[in-house]
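Q: My questions are about this predicted structure, shown below with the sequence.
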Amino acid sequence: TTAPPLSPLPHDTEGLKQSIRDAMVRFVGKDPKQATQRDWLDATSFAVRERMIERRLLTRRQFDAEDVKRVYYLSMEYLIGRMLEANLRNTGILDETREALAQLGQDYDEIVAWEDDAALGNGGLGRLAACILESLATQGYPGFGYGIRYEYGMFRQQFEPYRQVEHPDNWLRYGNPWEFPRAERKYPIRFYGEVVEHHRNDGSVHYSWEDGEQILAMAYDYPTAGYGRRNVNNLRLWGAKATRDFDLRYFNEGDYIRAVADKSQSESISMVLYPNDATAIGKELRLKQEYFFVAASLHDILDRHTELGYTLDDLPHQVAIQLNDTHPAIAVAELMRLLMDRHGLHWARAWELCRQVFAYTNHTLMPEALETWPVDLMTRVLPRHMQIIYRINHEFLEMVRRRFPGDEERLKRLSLIDEEGGRNVRMAHLAVVGSHQINGVAALHTELLKQTLFADFYQLWPERFVNVTNGVTPRLWMIQANPELTEFLGEKIGHDWQYDLERLRALEPWVADPELQQKFQQVKRKNKERLATLVRERTGIRIRTDVLFDVQIKRIHEYKRQLLKLLHVIELYNRIRDGENVPPRVVIFGGKAAPGYQRAKDIIQVINEVADVINHDPQVGDRLKCVFIPNYEVSAATVIIPAADLSEQISTAGFEASGTGNMKLALNGALTVGTLDGANIEIRDAVGEDNIFIFGMTESEVVAHRARGEVPEAMLAGRPALSRTVEMIEQGYFTCDDNATHAELGHYLRHQDPFFVLADYPAYREACERADALYAQPECWNTAALTNIARMGYFSIDRTVRDYAEKIWDATPEPVAPKR
Ligand SMILES: CCc1ccc([C@H](C)CC(=O)N[C@@H]2O[C@H](CO)[C@@H](O)[C@H](O)[C@H]2O)cc1
């Protein structure tokens with residue numbers, strides 16, 4: 001039966017005014033006269049969502065009607081940020097809504113500020129997932145996200161007074177107008193229990209997984225609208241729900257409360273996001289979270305596949321599943337279980353289908369970030385999966401043995417089971433063996449994967465390794481974050497760049513044009529004033545806006561070398577106090593440390609204490625300000641990035657897989673000071689040597705330097721300015737009550753320095769000098785800044801998604817309606 005055609009809702013100001021007013025009464029249940037700004041936020045959100053959901057149904061009908069291949073993105077993290085403005089823009093009703101609210105006596109900018117970020121992620125990996133979903137919809141691909149509906153997202157960071165303190169992020173405390181709870185889409189997810197063998201009389205063995213505990217995974221849908229297109233896809237997040245049956249043991253003991261408490265305990269699976277982004281967690285709850293969303297997602301994908309009338313043999317043609325790092329890698333074993341135990345396929349056929357469906361993206365080379373699970377834990381929590389993993393490993397090693405007879409060492413290196421130090425399942429190996437393609441997220445990173453982490457696999461299957469360099473969505477990171485720049489570009493080169501970022505190149509002939517440079521300067525200045533307001537609000541510090549803004553915003557991690565920037569700040573401070581006329585600047589830090597990562601928390605504390613001394617030193621005045629903006633998150637990033645002049649991308653070469661902040665900052669006209677690491681290399685290739693400040697050891701020089709095993713302290717020899725900065729930290733110059741932390745950090749730099757901060761400091765200092773020198777010539781600086789914007793088109797997430805679609809997913813767009 002064809003569903004009745006939907007009568008499209010009006011998209012004009014009048015129509016939206018009506019919808020917002022109706023929503024205030026009908027959904028929010030408030031008389032507009034008494035409504036709070038949060039009520040107006042909800043009412044406006046409902047007015048938009050009803051227009052998005054119309055398009056969602058149209059999109060779905062078209063996809064169901066056409067023989068489209070669906071792409072499913074499995075990610076434990078989605079760092080979405082605020083939804084209202086992005087949904088208004090992508091649905092093409094932003095201006096009309098702003099006007100409608102004004103006519104209802106409301107200020108749009110005040111209203112949107114009431115929305116909490118949906119911070120369901122840690123950093124780069126989570127934000128990339130959000131950018132990819134937006135681009136899938138914008139380009140009309142049938143692409144859907146699956147993840148977890150954490151009740152508590154990324155913790156809120158406060159400094160009390162200098163040290164990071166985490167506060168829970170219960171972002172759903174006021175409900176969420178954007179989600180559609182799907183009570184009918186609930187799947188029982190099993191944990192623990194045991195595997196029962198059933199021997200058939202045809203000699204075949206059938207396995208069933210029984211007993212243990214069950215919880216329900218319930219779907220919550222978040223429509224994802226495309227920009228300038230009527231396609232609306234979906235992000236389905238799973239929330240844990242207790243099953244309704246009690247554990248009779250308690251009940252009979254009349255311990256009703258215990259029985260209920262036990263039930264609610266099972267709902268804790270989707271309670272909170274693990275705030276670690278570089279060290280594997282290894283906690284049982286984390287494994288259960290991973291399996292919980294993977295099992296619900298695969299169940300849902302297969303159900304939809306069969307509901308659409310497809311057979312299992314159609315799977316590789318209709319379904320592509322991308323594993324966002326190893327976090328969902330258990331999906332390989334789960335799909336094998338479903339295909340064999342539920343659908344009765346034989347091992348070989350099931351395995352064939354599996355490998356054709358899955359692909360795996362690696363986001364880090366850091367050994368401590370690669371997930372491994374103790375075999376006994378996996379056996380206890382997921383007994384059937386451990387069996388299947390053993391079989392996968394057996395079949396795989398058999399193949400390796402045939403290819404490399406007698407090479408036991410190779411077998412050990414390749415095995416899915418790490419036999420050293422307590423047997424552990426290597427989730428990266430499961431992901432590689434179970435996928436038809438593996439990709440890194442920048443050219444250097446993918447090469448390093450082939451040469452190091454997955455060298456043995458690359459030797460086996462060179463054809464399976466491809467590179468897909470990251471990108472960012474220009475909708476959020478340019479059009480929304482930087483409306484002045486968007487207008488400026490629109491006047492000069494039109495608006496097509498918004499759909500095809502390579503068209504920014506049209507700016508190239510004008511980069512040295514004084515009038516254009518003037519306008520660009522004004523745009524940057526306006527953004528600096530907006531940032532200065534945020535800095536004032538969050539830190540109480542007043543910053544000048546007529547000086548260079550030097551920005552390092554990213555998670556706090558030793559390899560990202562916030563310490564390198566800190567040493568430079570201290571040297572500048574000393575030079576100013578020594579009476580040198582150092583060009584004035586504002587140095588801005590932003591970033592969270594994983595709660596258990598003490599070194600990172602020490603770095604935050606010391607930066608804050610150094611900043612406090614500098615910012616209150618009358619000898620320095622306003623020639624140097626150092627600010628650490630608390631609670632760095634997506635919405636804060638949209639204010640910081642447009643105001644930046646200098647983008648700090650100074651990781652030790654070989655450690656930052658790609659970086660995406662580097663792309664956002666350059667696209668907003670900041671010049672990069674960076675090492676030849678991750679995507680910095682491709683940014684250098686795109687913008688040109690003269691429009692970027694590259695410094696420091698290359699990846700291979702780092703390897704050689706490490707091999708030489710020089711003591712870091714040796715780097716201080718003949719470098720008085722540098723050793724003075726380290727001494728000042730060590731001697732507690734910047735602290736009045738915590739010498740220990742400062743002394744420890746100084747000692748760490750002098751005797752450990754595993755990421756070669758001291759070794760790279762001279763080159764870094766020189767690169768910063770080059771930046772100062774260029775900044776002192778505004779026309780040259782602006783030429784370089786505008787050239788960066790003109791040449792950064794490649795780093796659009798739309799290009800990234802097209803690469804995935806062509807190189808990995810074999811998926812094609814299915815536009816619902818012609819582009820506006
Ligand atoms: C298990 C704990 C955990 C959680 C998250 C992660 C992520 C892989 C860390 C991450 O966000 N990596 C970043 O991914 C970005 C997107 O590809 C890259 O641009 C960054 O270089 C990379 O550090 C590792 C380990």
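A: In hand now; what should we look at?
Q: Which residue, neighbours along the chain excluded, lies closest to the residue in the chain that the ligand sits nearest to?
A: Residue nearest to the ligand within the chain: G124 (2.7 Å; C-beta to the nearest ligand atom). The C-beta positions use only the backbone N, C-alpha and C, and glycine is treated the same way. Leaving aside its sequence neighbours, G124 sits nearest to T660 (C-beta to C-beta, 6 or more residues apart in numbering; 5.6 Å).
Q: Run a quick check on the residue of the chain closest to the ligand versus N662, I expect a contact.
A: No - applying C-beta atoms under 8 Å as the test, G124 and N662 come out as separate, 10.4 Å apart.
Q: more crowded one of the two?
A: N662 (29 against 24; other C-beta atoms under 10 Å).
Q: and that one, what pLDDT?
A: pLDDT for N662: 98.
Q: quick one: it and N680 touch, right?
A: Yes - look at N662 against N680 with C-beta under 8 Å: they come within range, at 5.9 Å.
Q: For the stretch 551-700 of the chain, what lies in contact range of the ligand?
A: Proximity of the stretch 551-700 of the chain to the ligand (C-beta under 6 Å from any ligand atom) is limited to residues 656-660, 678.
Q: shaky segments in the chain?
A: By pLDDT under 70, the low-scoring segments of the chain are 1-7, 244-253, 818-820.
Q: elements contacting the helix or strand encompassing V400?
A: Here V400, judged by DSSP states H and E, is contained in helix 383-403. If you count contacts as 3 or more C-beta pairs under 8 Å, 6 or more residues apart in numbering; DSSP states H and E, helix 383-403 packs onto strand 194-199, strand 205-210, helix 331-337, helix 347-357, helix 375-381, helix 408-414, strand 417-418, helix 427-433.
Q: Format those as a markdown table; extra columns: mean neighbour count and distance to Y794.
A: Output for the helices and strands packed on helix 383-403, formatted as a markdown table (neighbours: other C-beta atoms under 10 Å; distance: least, C-beta to C-beta, whole Å):
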| stretch | mean neighbour count | distance to Y794 |
| --- | --- | --- |
| strand 194-199 | 11 | 49 |
| strand 205-210 | 13 | 47 |
| helix 331-337 | 25 | 31 |
| helix 347-357 | 18 | 29 |
| helix 375-381 | 17 | 41 |
| helix 408-414 | 14 | 35 |
| strand 417-418 | 18 | 38 |
| helix 427-433 | 26 | 27 |
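Q: now the ones you listed as TSV including distance to the ligand?
A: Listed next are those as TSV, based on distance: least, C-beta to the nearest ligand atom, whole Å:
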stretch	distance to the ligand
strand 194-199	27
strand 205-210	26
helix 331-337	16
helix 347-357	22
helix 375-381	15
helix 408-414	22
strand 417-418	16
helix 427-433	9
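Q: Need these in a markdown table (columns: distance to L671).
A: Formatted as a markdown table, the helices and strands packed on helix 383-403 follow (distance: least, C-beta to C-beta, whole Å):
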| stretch | distance to L671 |
| --- | --- |
| strand 194-199 | 59 |
| strand 205-210 | 57 |
| helix 331-337 | 41 |
| helix 347-357 | 43 |
| helix 375-381 | 48 |
| helix 408-414 | 43 |
| strand 417-418 | 44 |
| helix 427-433 | 36 |
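Q: Out of those, flag the one nearest I321.
A: Relative to I321, the nearest member of the helices and strands packed on helix 383-403 by C-beta to C-beta is helix 347-357, separated by 5.2 Å.
Q: Can you pull the residues of the stretch 401-550 of the chain lying near the ligand?
A: 441, 470.
Q: now swap in the stretch 101-250 of the chain and tell me
A: Neighbours of the ligand within the stretch 101-250 of the chain, by C-beta under 6 Å from any ligand atom: 122-125, 128.
Q: now, among those residues, which is nearest to D612?
A: Nearest to D612 among these is G123, at 26.1 Å by C-beta to C-beta.
Q: Would you mind confirming that the closest one makes contact with L79?
A: Yes - in this structure, G123 is within contact of L79 by C-beta under 8 Å, at 7.2 Å.
Q: which one of the two has more residues nearby?
A: Taking neighbours as other C-beta under 10 Å, G123 and L79 compare with L79 leading, 26 against 22.
Q: about what we covered before: how much does the helix holding V400 deviate in direction from strand 194-199?
A: Regarding helix 383-403 and strand 194-199, their directions subtend 60 degrees when assessed with axes from the mean of the first three to the mean of the last three C-alpha atoms, to 10 degrees.
Q: Skipping its backbone neighbours, what lies nearest A23 in space?
A: Leaving aside its sequence neighbours, A23 sits nearest to F46 (C-beta to C-beta, 6+ apart; 3.8 Å).
Q: How many residues are close by the one you found?
A: Count around F46 with other C-beta under 10 Å applied: 19.
Q: Good, wrapping up.
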